[in-house]
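What follows is a protein structure lacking sequence information:
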């Protein structure tokens, strides 16, 4: 038994009791072995203290003792790994080691948004075409395991003063994914952006409820000063962009 497990037995005993109903050294040792990867993540925490957490495994927690903390992580790890008592796989934890063959749908979606945003912001050919884009409101995911946020994937202001296009709205799709159909109409259509049936403006949501900015973008949309873009991202990270019309139809390559 390594030093990490030895030093953690006292803390794990509480977790063992919560898990098995019996607080024994044997149960603590068994739990410690199963928790070794998790303990490595916890070793930076100050022992014997209470910690403030907003959520562990979906359960709202304000203060949690060390032993209970470990047990909560244990249950969380089990729920993520089919009840096997082991933390979920470390594969596909960031963009650099993304593998489409093993990635989840969430990871694929986030990967697509990250690559799409990087292309719109840093592709020199787009700047040469008159698009000096700056993100507005919602930012791209910070990693491929981020929580999925529904709505507009990317909203950008065009900082090029000589361009008639003031904003670009982007929808990222990974692989063979297609634009969807909703109660408000086809994805990226006027109805979808404005929430024609639901009354929920996706533009307003994308700018975090800034009504003044949302109104500016909505007016620009009506005046033809907004371009809608579909960014198709393949498994290698290559991005192809397409223009979308007011009805949500793809009408050609963009720009």
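Perfect, thanks for sending it. This is a predicted model, so every value here is computed, not measured.

in which helix or strand would I find residue 127?
Residue 127 belongs to helix 124-128 when elements are defined using DSSP states H and E.

With residue 157 instead?
Counting by DSSP H and E, residue 157 is found in strand 154-158.

now do residue 219
helix 211-222.

quick one: strands adjacent to the very next helix or strand once past that helix?
Of the helices and strands lying after helix 211-222 in sequence (DSSP H and E), the nearest is strand 226-233. Note on strand 226-233: by DSSP bridges, its sheet partners are strand 167-174 (parallel), strand 239-244 (antiparallel).

Buried residues, stretch 141-148. List them.
141, 144 (16 or more other Cβ atoms under 10 Å). From N, CA and C alone the C-beta is placed, and that goes for glycine too.

hmm, I was thinking of stretch 147-167
For stretch 147-167, burial by neighbour count (16+ other Cβ under 10 Å) applies to 151-158, 165-167.

tell me the mean pLDDT for stretch 227-235?
For stretch 227-235, mean pLDDT is 98.

One more: stretch 114-124?
Per-residue scores along stretch 114-124 average to 98.

Contacts made by that stretch with the rest, please.
95, 126, 131, 133-135, 139-141, 143-144, 153-154, 156, 168, 170, 172, 229, 231, 233, 237, 239, 241 (Cβ atoms under 8 Å, 6 or more residues apart in numbering).

Any regions of the chain where pLDDT drops low?
1-93 (pLDDT under 70).

now do 80
Applying pLDDT under 80 to the chain picks out residues 1-94.

burial count for the closest residue to residue 187 other than its chain neighbours?
Leaving out its chain neighbours, the residue that sits closest to residue 187 by Cβ to Cβ, 6 or more residues apart in numbering is residue 179, at 4.3 Å. Residue 179 has 18 neighbours, counted by other Cβ atoms under 10 Å.

Good, we can wrap up now.
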